[in-house]
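J.: after the sequence you'll find the predicted model.
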Amino acid sequence: MWVDMKRWTILLALLIPVAAAAQRTTEVSGRASVGAEYKIVKGLHLNVSEEIRTGSGFSSLGSLRTTAGLSYKPAKFIKLGAGYTLINPYKTSAAAFNNPRHRFWADVTGYLVLGDFQFSLRERLQLTHRTGDFNVYQSTPDALGLKSRIGVKYKRFKAVEPSVSFEVRTALNDPWGEVTSSTIQTTKGGKTYYPYQFSGYTHVYNNRYRLNIGADVRLSKHHHLEPYLLLDSCSDYEIDTNSDGTRLYTATTAWNETMGFVLGLSYTLSF
């Protein structure tokens with residue numbers, strides 16, 4: 001018991017100064033997507049879309065995302081969904097796409113209509129498989145996350161339906177470990193570290209908060225346009241270890257905090 005308490009005390013002592021030193025960066029980027037929604041039978045729809053995301057400052061290509069999914073609405077107040085997204089990050093230095101990621105997701109959405117307002121609550125569970133070479137003690141190969149979103153849409157107007165939503169993403173299996181000695185050690189290159197023991201993918205915490213303000217613009221019966229502004233606050237916990245997971249470097253920044261402002265536009269054809 002005393003040993004465990006001592007290790008926790010050491011770890012907290014290390015994290016306090018690096019957390020205080022964390023810096024928040026601001027990024028402005030854009031997104032545009034084209035999609036189609038096909039009614040298979042009443043309540044059951046097939047959805048496909050292609051989305052392009054820019055890098056920070058609109059100066060480069062960020063990624064391409066191809067999505068296919070199914071949604072089923074057994075009743076007016078509930079909708080079920082599942083799908084797959086292929087994420088292709090673009091590496092500017094190599095001028096090529098590399099290390100694609102595969103994302104599988106399933107969600108359930110509940111609806112409540114009060115007058116001209118439609119309230120919704122969505123819970124989405126997603127699994128993202130990462131490819132390529134990376135440090136498995138710093139990043140999870142198969143990241144599991146829960147995205148909880150609450151929203152409201154104003155439906156009084158026929159052609160335009162303004163909406164606002166707030167979403168929280170919870171990381172369910174990020175890497176974690178513990179410092180095993182309070183004595184700072186040094187590598188031959190002069191980099192200092194603490195002896196570290198990896199304890200598995202057990203770190204659970206909220207790492208993203210999103211506010212989305214937009215509107216569903218109905219151009220015609222089958223054509224929809226959705227402009228939106230997304231405020232994206234991301235606080236990822238970073239662990240800087242060696243490739244064996246036995247050293248925790250003291251130069252690490254515990255929290256990588258980013259505030260993103262995203263201008264987006266999506267078009268959907270329904271038939």
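T.: Structure received. Numbering: from 1, shown residues only.

J.: run the chain-centre distance for stretch 121-133.
T.: The chain centroid and the centroid of stretch 121-133 are separated by 8 Å under CA atoms, centre = their mean, to the nearest Å.

J.: count of neighbours near E257?
T.: Neighbouring residues of E257 were enumerated by other CB atoms under 10 Å; the total is 13. From N, CA and C alone the C-beta is placed, and that goes for glycine too.

J.: which SSE is it in?
T.: With elements taken from DSSP states H and E, the one containing E257 is strand 255-270.

J.: what comes up buried for that strand?
T.: Of the residues in strand 255-270, those buried by neighbour count under the rule 16 or more other CB atoms under 10 Å are W255, N256, T258, G260, V262, G264, S266, Y267, T268.

J.: so what's the last one bridging to?
T.: Just to be clear, that refers to T268. Taking DSSP bridges, one finds G35, H224 as the beta-bridge partners of T268.

J.: residues touching it, list them.
T.: G35, A36, E37, S49, H223, H224, L225, E226 (CB atoms under 8 Å, 6 or more residues apart in numbering).

J.: next one: the second one
T.: When the contact criterion is CB under 8 Å, 6+ apart, the partners of N256 are A22, C234, S235, D236, Y237, E238.

J.: narrow those residues to those that are buried.
T.: When burial is judged by neighbour count using 16+ other CB under 10 Å, the buried members of the contacts of N256 are C234, S235, Y237.

J.: next, give phi and psi for I184.
T.: The phi and psi torsions at I184 (degrees, to the nearest 10) take the values phi -70, psi 130.

J.: that one and P195: what is the separation?
T.: Computed as CB to CB, to the nearest Å, the I184 to P195 distance reads 10 Å.

J.: of those two, who's got more company?
T.: Comparing I184 with P195 by other CB under 10 Å, the one with more neighbours is P195, at 15 against 11.

J.: verify the stated contact: that one with R247.
T.: Yes: in this structure, P195 sits in contact with R247. The criterion is CB atoms under 8 Å, and the distance is 6.9 Å.

J.: anything in contact with each of those two?
T.: Counting by CB under 8 Å, 6+ apart, the common neighbours of P195 and R247 are Q185.

J.: could you pull out the strands for the protein?
T.: 24-41, 44-54, 61-75, 78-91, 96-97, 101-114, 117-130, 142-154, 160-179, 185-186, 192-218, 223-237, 247-249, 255-270 (DSSP state E).

J.: run through this structure and note the low-pLDDT ranges.
T.: In the predicted model, the chain carries pLDDT under 70 at residues 1-23, 251-253.

J.: give me that answer again for 80
T.: In the predicted model of the chain, residues 1-24, 250-254 satisfy pLDDT under 80.

J.: put the alpha carbons of stretch 169-179 into PDB.
T.: The C-alpha trace of stretch 169-179 is given here as PDB (Å, rounded to 0.1, in the frame of the first residue of the first chain):
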ATOM      1  CA  ARG A 169     -15.600  13.000 -26.700                       C
ATOM      2  CA  THR A 170     -14.200  10.600 -24.100                       C
ATOM      3  CA  ALA A 171     -11.100   8.500 -24.700                       C
ATOM      4  CA  LEU A 172     -11.700   5.100 -23.300                       C
ATOM      5  CA  ASN A 173      -8.300   3.300 -23.700                       C
ATOM      6  CA  ASP A 174      -5.400   5.700 -24.000                       C
ATOM      7  CA  PRO A 175      -1.900   4.600 -22.800                       C
ATOM      8  CA  TRP A 176      -1.000   4.900 -19.200                       C
ATOM      9  CA  GLY A 177       1.800   4.000 -16.800                       C
ATOM     10  CA  GLU A 178       3.700   5.000 -13.700                       C
ATOM     11  CA  VAL A 179       7.000   6.400 -12.700                       C
END
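
J.: got the contact list for E37?
T.: Contacts were defined as CB under 8 Å, 6+ apart; by that measure E37 touches H45, L46, N47, T268, L269, S270, F271.

J.: okay, these in a markdown table with distance to G145 next?
T.: Converted to a markdown table, the contacts of E37 look like this (distance: CB to CB, whole Å):
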| residue | distance to G145 |
| --- | --- |
| H45 | 24 |
| L46 | 25 |
| N47 | 21 |
| T268 | 25 |
| L269 | 30 |
| S270 | 29 |
| F271 | 32 |
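
J.: looking at the residues you listed, which is nearest T180?
T.: Minimum separation from T180 among these (CB to CB) is found for N47, which lies at 48.9 Å.
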